[in-house]
Every structure is written in structure tokens, then in C-alpha cells.
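Predicted model and sequence below, questions to follow.
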Amino acid sequence: MSDRFIVLSGCSGGGKSTLLEELRRRGHAVVEEPGRRVVQEELAAGGGALPWLDLAAFARRAIATALADRAAMRDHPGFVFFDRGLVDAASALEASGGEPVLDALAAEHRYNRRVFLTPPWPEIYAGDRERRHGFDAALAEYDRLERTYPMLGYETVILPKVPVGERADFVLARL
């Protein structure tokens, strides 16, 4: 396990990427969401591993990306903040009816025991070219992750709905 690897997870459209950018601005190492990068690559290449076309293929690609991200940051000193990560991707694969990989991957590739969850925040939720699901799907994903992380031995901390600077202060104060 790496206590330096901090996961920001939770509700889609809940402000994770904005928080990640604030942490980057403050000098911390950050890793952007694997799923969003997979979607960008698949759209650019005309591929089919997209969550709205083939969720299992998308999740497998996100798992591979998350594993590569961890390996790339292995020797980085200090905290590394991940916008989602391996648990999110493996949980999505299992939810899609794919192979049961979550327990094995999560046991072998641990993050800091404290995971920060962005709660559902309908006032800031917005879809875009890469986030095509609605708020109901975001809520279902949040519910799944809110159950999954504690089942794997993580302590979840729900982020307050406050401006991004205060959110960053909240996260850093708890580490």
C-alpha cells in the first residue's frame, strides 16, 4: 500500500477534477481520471471502448490505465492525488457483468486508507461530450462506490459542498 496515493472518488460531476486542479496549483502531484482519458482516446480513434457502447471494454481499459498510472507515480515523493483510480474502474467492470477482479486488484494495489468522496451535487453537475450519462446514473455510481470502498477496508470521507479552495484545505488537513 502507498499512503502517499490519495484517491478522490465519488459522484460523477461532483467537482473532483476541479479539486484536482486546485491541488496541482498548490504544487501537489496529480493524476487525471483514467476513464475520461480512455473516452478521449476512444473518441479520437473512433474506438468502441466507451461506457455508453461497451462498458466492460471501457472498464478494462480504465483498469489498465489506472495500473500504469500507479506504476508511473511509484517513486514520486510526497502525496499523489488520483482522480478516481483502480477501485472505481474494477467496480465498474464488475457492475457491467464483467469478470470479478475487484477484490484481487484492490488487495494487491492499495491506496491511502482514507478516500475522499465528492457527494452528489446537482447544482454543479453537467454533462459534456465525454460525460453522456445523466444525473441518475451518476447517483447510482456514487451509491456503488460509497459501499465498495468501505467493503475493501477504506475509510471514506465525504467532501463538503464548499468552494474549491476550502475543499482542498479540508483534504490536506485530514492527511
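Structure received. Numbers count the residues shown, from 1 in each chain.

G97: what secondary structure?
coil (DSSP: H, G, I helix; E, B strand; the rest coil).

Repeat that for D88.
helix.

which regions of the protein sit below the pLDDT cut-off?
1, 127-128, 131-132 (pLDDT under 70).

Helices along that one, start to end?
For the chain, the helices defined by DSSP state H occupy 16-25, 34-45, 55-73, 86-95, 102-108, 135-151, 164-173.

So what's the gap between the second one and the chain middle?
I take that to be helix 34-45. Relative to the centre of its chain, helix 34-45 is centred 15 Å away, using CA atoms, centre = their mean, to the nearest Å.

Taking their axis directions, that helix and helix 55-73 sit at what angle?
Per axes from the mean of the first three to the mean of the last three CA atoms, to 10 degrees, the angle that helix 34-45 makes with helix 55-73 is 110 degrees.

Helix 34-45: which residues count as buried?
By neighbour count on 16 or more other CB atoms under 10 Å, the buried set for helix 34-45 is 34-39, 42. For glycine as for every other residue, the C-beta is placed from the backbone atoms N, C-alpha and C.

residues touching the residue nearest the centre of the chain, list them.
Centroid check for the chain by CA atoms, centre = their mean gives R84 as the closest residue, at 1.2 Å. Contact analysis of R84 by CB atoms under 8 Å, 6 or more residues apart in numbering lists 7-9, 16, 33-35, 66.

can you rerun that using 7 Å?
9, 33-35 (CB atoms under 7 Å, 6 or more residues apart in numbering).

same thing with L23?
Applying CB under 7 Å, 6+ apart, the residues near L23 are 30, 81, 168.

quick revisit: can you tell me which of the helices of the chain comes nearest to I124?
helix 16-25 (8.5 Å; CB to CB).

mind saving the C-alpha coords of the closest one as PDB?
C-alpha atoms of helix 16-25 as PDB (Å, rounded to 0.1, in the frame of the first residue of the first chain):
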ATOM      1  CA  LYS A  16     -13.300  16.000  -8.500                       C
ATOM      2  CA  SER A  17     -11.400  17.400 -11.500                       C
ATOM      3  CA  THR A  18     -11.800  21.000 -10.200                       C
ATOM      4  CA  LEU A  19     -10.400  19.900  -6.800                       C
ATOM      5  CA  LEU A  20      -7.500  18.000  -8.500                       C
ATOM      6  CA  GLU A  21      -6.600  21.200 -10.500                       C
ATOM      7  CA  GLU A  22      -6.500  23.200  -7.200                       C
ATOM      8  CA  LEU A  23      -4.200  20.600  -5.600                       C
ATOM      9  CA  ARG A  24      -2.000  20.800  -8.700                       C
ATOM     10  CA  ARG A  25      -1.900  24.600  -8.500                       C
END
